[in-house]
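Undergrad: Curious how this folds, go ahead:
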Amino acid sequence: MSDTEKLISDYSDLINEHRAWLKPFGKLRLNKWEKLLQNNAEAAICEAATRRLLSKHGVEIEPYEDPSSGGPDFSCIKDNERFYAEVTCVTQEKAMRKTGLTDGSQYTFKPLTKVFMDEIRNKTTQCSNLNTVCILVIGTLHPQIGHICFCKDFAEDVLMATPKIGAQWDNEKKRVADKLCKITELHNSSFVKSKKEKANEIEEVRKTVSALLLCSFGTKLPRTIGVLHPKPNYFFERALLPKIEFCRLAEGYQSGRFKVEWI
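TA: Reported below is the predicted structural model:
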């Protein structure tokens, strides 16, 4: 049995459910997804899992992507609020290659902070020209990496980048002057960066993505963590998904005082 055949077998219930959901929207859309399932099964399964996830949160959802011109995958309505959702997948092969994790016995790894940033960068155009909110869903089917890297600590790094440890040295007393602290240079931050002309000032980037959902679809108990863009083109009302925890940058980040809060 090939890897694709095994995936299709493992997720057969979800796949059949998604087929039945897509069928009323026309043969062209169904055939497009079936082709994706054969060419990139993980991406197709993450798309189906996202549809199921949003539906379970009471969202009315329809396919939106135009087969010829593109656009986000889903159009969503909840509480009379419309938003769009685009789905992307960190494949198991890519997840292992980027983290260095190859099996369940390893405990050292590299975070996926830059991978998350690259996925957001690659989707900014697809989330544009909508005149309303677009969220990006990043999923993986790798169970171990989904459990380890799609969590609250690494969600915070989406906002602040992978932190470094900093301390001030007291040369007279020959010791650290204060307690250790986390510092960030924003090199892997997805939504903010230092201005080139004024390094001490912060600017927001990738503003077409209003929010991010990190989804570990391959774990026994799938988990979803939310990240809010601090100043997007259109703000996502996190109350639309009240059972999902979201993090955001606390006020003061514009002057370099970075703190993440969960809401």
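Undergrad: pLDDT on stretch 133-146, on average?
TA: Stretch 133-146 comes out with an average pLDDT of 97.
Undergrad: Also stretch 90-110?
TA: What stretch 90-110 shows for mean pLDDT is 85.
Undergrad: Give me the contacts around it.
TA: Outside of stretch 90-110, the residues within contact range by C-beta atoms under 8 Å, 6 or more residues apart in numbering are 40, 42-43, 111-112, 114-115, 119, 138-142, 144-145, 148-149, 218. No exception for glycine: its C-beta is placed from N, CA and C like everyone else's.
Undergrad: helix or strand for Cys247, which one?
TA: Assessed by DSSP states H and E, Cys247 sits inside strand 246-249.
Undergrad: ranges for the helices of the chain?
TA: Ranges of helices in the chain, per DSSP state H, are 3-10, 12-22, 27-39, 41-56, 92-99, 113-123, 143-149, 152-160.
Undergrad: what residues does the first one touch?
TA: The reference is to helix 3-10. Met1, Ile15, Leu37, Gln38, Ala41, Glu42, Ile45, Leu141.
Undergrad: ditto for the last one
TA: Outside helix 152-160, the residues within contact range by C-beta under 8 Å, 6+ apart are 111-113, 116-117, 163, 182, 184, 186, 188-192, 212, 214, 225-227, 230, 245, 247-249, 258, 260, 262.
Undergrad: mind redoing it with 7 Å?
TA: Residues outside helix 152-160 that contact it (C-beta atoms under 7 Å, 6 or more residues apart in numbering) are 111-113, 116, 184, 189-191, 212, 214, 225, 227, 247, 249, 258, 260.
Undergrad: do the same with the third one
TA: Residues outside helix 27-39 that contact it (C-beta under 7 Å, 6+ apart) are Ile8, Ile15, Arg19, Leu22, Lys23, Ala43, Ala44, Pro63, Pro67.
Undergrad: Any of those buried? List them.
TA: Burial of the contacts of helix 27-39 was assessed by neighbour count (16 or more other C-beta atoms under 10 Å); the buried members are Ile8, Ile15, Leu22, Ala43, Ala44, Pro63.
Undergrad: can you put those residues in a markdown table and add pLDDT and distance to Lys32?
TA: Putting these into a markdown table (pLDDT from 0 to 100; distance: C-beta to C-beta, whole Å) gives the following:
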| residue | pLDDT | distance to Lys32 |
| --- | --- | --- |
| Ile8 | 94 | 17 |
| Ile15 | 98 | 15 |
| Leu22 | 97 | 9 |
| Ala43 | 98 | 12 |
| Ala44 | 98 | 10 |
| Pro63 | 97 | 9 |
